[in-house]
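Q: Here is my input, please return the structure:
(one chain, ligands or ions: 2)
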Amino acid sequence: MVEPILKLKKIEKSFPGKSGAFTLFSDLECDLLHGKSYAMTGESGAGKSTLLHIASGLEKPTKGSISIMGSDFWSLSKEQKYNLRVNETAIIFQQMNLIPCITARENIEFQARLNQKFDSKLIDNLIGDLGIKDILKEFPENLSGGEQQRVSIARALAARPTILFADEPTGSLDESNSDIVIEMLSNLCKEYKTTLLLITHSLKIASHLDFLLELSHGKLNKK
Ligand SMILES: Nc1ncnc2c1ncn2[C@@H]1O[C@H](COP(=O)(O)OP(=O)(O)OP(=O)(O)O)[C@@H](O)[C@H]1O
Ligand SMILES: [Mg+2]
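A: Ligands and ions are numbered 1, 2, ... in the order given. Below you'll find the model as predicted:
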């Protein structure tokens, strides 16, 4: 049997509230296989971003465990966690999260330089395919939402992650640009055998990927 590259076991996330704790989901299980792509859908507020942050090791679950590439993530040392995040994973955030004090090009190259997978040919191709050649010297605050989103996609792909987490990566793009970018993203993930977990509200986008996961009422259903 093939060991999943990412394994979520009995995951619970609760938040303290004025009238007691509020549980977003509990006993949630999910296995992602190497090189496969997964679309996650669900209503606004269902907990998709929270689950993606938990799956990527950014946020600690209230209960349960996450295994990334065979390592029980929250049992690792601080340094091991950092190495696993920077070397093997990348995230395209719903709110972009570009580094404000460096240019678009420096943002794109940032993680690839940190994890020593810097490949100038790949970066040039990404810049060309995403149509962001003319904005490389700009700082994030001077870019539109769609431009920031394309820079953040380039940054994640330039890092050549083993697992890519993408939170509505084309939410700020028009439909035709979104189609082009999603096709590019899924082709590159296939080429590099990257596992992709992508949140989207679009069933059309979801249809490009291998599996559909629906988060609803605290349960994750595989379709
Ligand atoms: N740190 C927090 N403290 C309290 N509640 C939180 C916290 N983070 C998230 N929530 C709540 O958890 C719920 C799920 O939020 P989340 O952002 O994961 O939803 P989502 O499915 O990504 O929604 P959207 O499609 O709108 O992006 C929301 O009701 C939100 O208010
Ligand atoms: Mg969200």
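Q: ok, the residue of the chain at minimum distance from ligand 2 - contacts?
A: Using C-beta to the ion, residue 49 is the residue of the chain that sits closest to ligand 2, at 3.2 Å. For the C-beta atoms, the positions are set from N, CA and C on the backbone; glycine is no exception. Residues counted as contacts of residue 49 (C-beta atoms under 8 Å, 6 or more residues apart in numbering) are 94, 167, 199.
Q: contacts with ligand 1 among those residues, please.
A: Subset of the contacts of residue 49 in contact with ligand 1: residue 94, counting by C-beta under 6 Å from any ligand atom.
Q: all helices for this structure, in order.
A: In chain order, the chain shows helices spanning 48-55, 78-88, 104-114, 120-130, 145-158, 175-191, 203-206, with DSSP state H as the criterion.
Q: Of all these, which one comes closest to ligand 1?
A: In terms of C-beta to the nearest ligand atom, the element of those nearest to ligand 1 is helix 48-55, at 3.3 Å.
Q: Close to ligand 1: what parts of the chain are there?
A: Among all residues of the chain, those adjacent to ligand 1 (criterion: C-beta under 6 Å from any ligand atom) are 15, 24, 42, 44, 45, 46, 47, 48, 49, 50, 94.
Q: For the residue nearest the centre of the chain, list each beta-bridge partner.
A: By C-alpha atoms, centre = their mean, the mean C-alpha position of the chain lies nearest to residue 165, the distance being 1.6 Å. Bridge pairing for residue 165 (DSSP bridges) gives the partners residue 91, residue 197.
Q: In contact with it: list those residues for me.
A: Here residue 165 is in contact with 52, 55, 56, 89, 90, 91, 92, 197, 198 (criterion: C-beta under 8 Å, 6+ apart).
Q: count of neighbours near the third one?
A: Translated: residue 56. Residue 56 has 22 neighbours, counted by other C-beta atoms under 10 Å.
Q: Now it: closest residue in space that isn't a chain neighbour?
A: residue 165 (4.6 Å; C-beta to C-beta, 6 or more residues apart in numbering).
Q: ok, now the last one?
A: Across the structure, with C-beta to C-beta, 6+ apart as the measure, the residue nearest residue 198 apart from its sequence neighbours is residue 166 (4.3 Å).
Q: Model confidence score at residue 1, please.
A: Listed pLDDT for residue 1 reads 67.
Q: give the contact list for residue 188.
A: By C-beta under 8 Å, 6+ apart, the contact set of residue 188 is 157, 194.
Q: go with 7 Å
A: Counting by C-beta atoms under 7 Å, 6 or more residues apart in numbering, residue 188 touches residue 157.
Q: Residue 100 now?
A: 139, 140, 141.
Q: Could you give the number of residues near the second one?
A: Right, the one you point to is residue 140. Using other C-beta under 10 Å, residue 140 has 20 neighbouring residues.
Q: Then residue 79?
A: Neighbours of residue 79 using other C-beta under 10 Å come to 8.
Q: Many thanks, I have nothing further to ask.
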